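> no FASTA, just this:
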């Protein structure tokens with residue numbers, strides 16, 4: 001897995017890092033458009049930090065060779081031309097010696113994503129552990145009730161669906177269980193739960209369902225995600241919790257940014273394929289210490305990622 005799949009990904013990642021590490025009151029903008037004072041044309045900046053009346057531009061490079069002095073000179077000229085107070089140059093491949101010397105002499109701040117080895121991650125112990133919890137279904141029975149006059153329309157192998165949607169109805173039914181019985185599931189023993197559910201638009205063989213009774217026997221299980229790579233934002237290996245790190249996990253685009261006791265997490269739920277007869281219950285992140293975390297989930301697993309075994313019974317209601 002690469003740090004960022006594209007230049008756009010890198011720019012957004014760096015912007016999110018600065019949203020986390022900059023002090024309160026700072027405004028951080030990705031893909032900022034500013035007007036050139038000489039030409040009156042709009043110019044694009046990868047990122048901008050605005051704080052206390054000062055503007056710092058962020059420029060990113062995702063190239064294989066280390067960035068040379070030519071790019072630093074371009075940034076020096078751009079800072080003067082666009083009236084920036086500071087410039088942060090971010091490279092995924094580091095900088096050449098002359099580039100570092102020029103940047104130090106002219107006040108260009110350099111940042112490099114330095115990849116850590118597995119041994120360094122273990123020795124440092126700061127990488128987060130991501131755990132997903134599932135409702136592991138042992139038995140699922142759904143009894144639907146319809147008008148008695150419609151029983152002749154039910155086949156020998158009835159199918160339930162939801163009106164004008166392709167969403168599997170079991171997803172909605174299990175969501176109801178999660179909302180109402182989320183604290184009734186345990187790891188060491190099974191729970192037997194029953195609920196009457198009124199599901200708008202629920203059909204069985206095209207016949208409207210008045211209500212359904214669902215019986216579920218299940219317990220909790222969990223899976224942990226392995227850390228694919230941890231990158232330090234700064235160019236040297238982390239020496240304290242003041243350093244900023246980015247963890248990439250094997251759940252799609254999931255990333256975790258940490259600095260001191262603050263953390264920011266983007267969790268790509270859409271990449272998760274639960275085991276058969278398992279429904280995603282929740283997730284948790286162990287940072288190894290107490291942190292103030294901001295978590296943004298990116299969607300739920302698509303319906304096609306779920307597979308359940310179910311017993312279905314159809315009963316008549318006299319009206």
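Thanks, I have it. Keep in mind that this is a model prediction, so the values were computed, not measured. Numbers count the residues shown, from 1 in each chain.

> longest strand of the chain?
Residue-count comparison of every strand in the chain, with assignments taken from DSSP state E, identifies strand 129-147 as the longest.

> neighbouring strands for that strand, and are they parallel or not?
According to DSSP bridges, the neighbouring strands of strand 129-147, each with its direction, are strand 211-225 (antiparallel), strand 278-286 (antiparallel), strand 311-317 (parallel).

> and these, which one is worst for confidence?
Ranked on mean pLDDT, the bottom entry among the strands paired with strand 129-147 is strand 278-286, at a mean of 86.

> who's in contact with it?
In this structure, residues lying in contact with strand 278-286 by Cβ atoms under 8 Å, 6 or more residues apart in numbering are 128-137, 174, 178, 182, 185, 220-221, 256, 263, 265, 267, 269, 272, 274, 293, 295, 300-301, 306, 308. Placement of C-beta: from N, CA and C, glycine included.

> bridging residues for the residue nearest to the spatial centre of the chain?
Within the chain, the residue whose C-alpha comes closest to the C-alpha centroid is residue 267; the distance, by Cα atoms, centre = their mean, is 1.9 Å. For residue 267, the beta-bridge assignment (DSSP bridges) gives partners residue 297.

> distance check, it against residue 285.
Residue 267 sits 8 Å away from residue 285, going by Cβ to Cβ, to the nearest Å.

> give me the common contacts of those two.
Shared contacts of residue 267 and residue 285, defined by Cβ under 8 Å, 6+ apart, comprise 130, 295.

> circling back to that earlier point, the residue nearest to the centre of the chain and residue 295 touch, don't they?
Yes. Using Cβ atoms under 8 Å, residue 267 is in contact with residue 295, at 6.3 Å.

> got the buried residues for the longest strand of the chain?
129-130, 132-137, 140, 142-146 (16 or more other Cβ atoms under 10 Å).

> tally of neighbours for residue 106?
13 (other Cβ atoms under 10 Å).

> how about it, nearest residue that isn't a chain neighbour?
residue 76 (5.1 Å; Cβ to Cβ, 6 or more residues apart in numbering).

> helices and strands of the chain: which one bottoms out on pLDDT?
With mean pLDDT, DSSP states H and E as the measure, the helix or strand of the chain carrying the lowest mean pLDDT is helix 118-124 (a mean of 57).

> in this structure, where is pLDDT below threshold?
Applying pLDDT under 70 to the chain flags the ranges 1-4, 115-127, 227-228, 235-242.

> and the helices in it?
Counting by DSSP state H, the segments of the chain that form helices are 7-21, 69-82, 97-106, 118-124, 169-181.

> and the angle from the second one to helix 97-106?
Yep, that's helix 69-82 we're talking about. 30 degrees (axes from the mean of the first three to the mean of the last three Cα atoms, to 10 degrees).

> and for the longest one?
Direction vectors for helix 7-21 and helix 97-106, defined by the same axes, to 10 degrees, enclose an angle of 40 degrees.

> buried stuff in helix 7-21?
Using 16+ other Cβ under 10 Å as the burial criterion, the residues of helix 7-21 that qualify are 9-21.

> and for stretch 96-106?
For stretch 96-106, the buried set under the neighbour-count rule, 16+ other Cβ under 10 Å, comprises 96, 99-100, 102-103.
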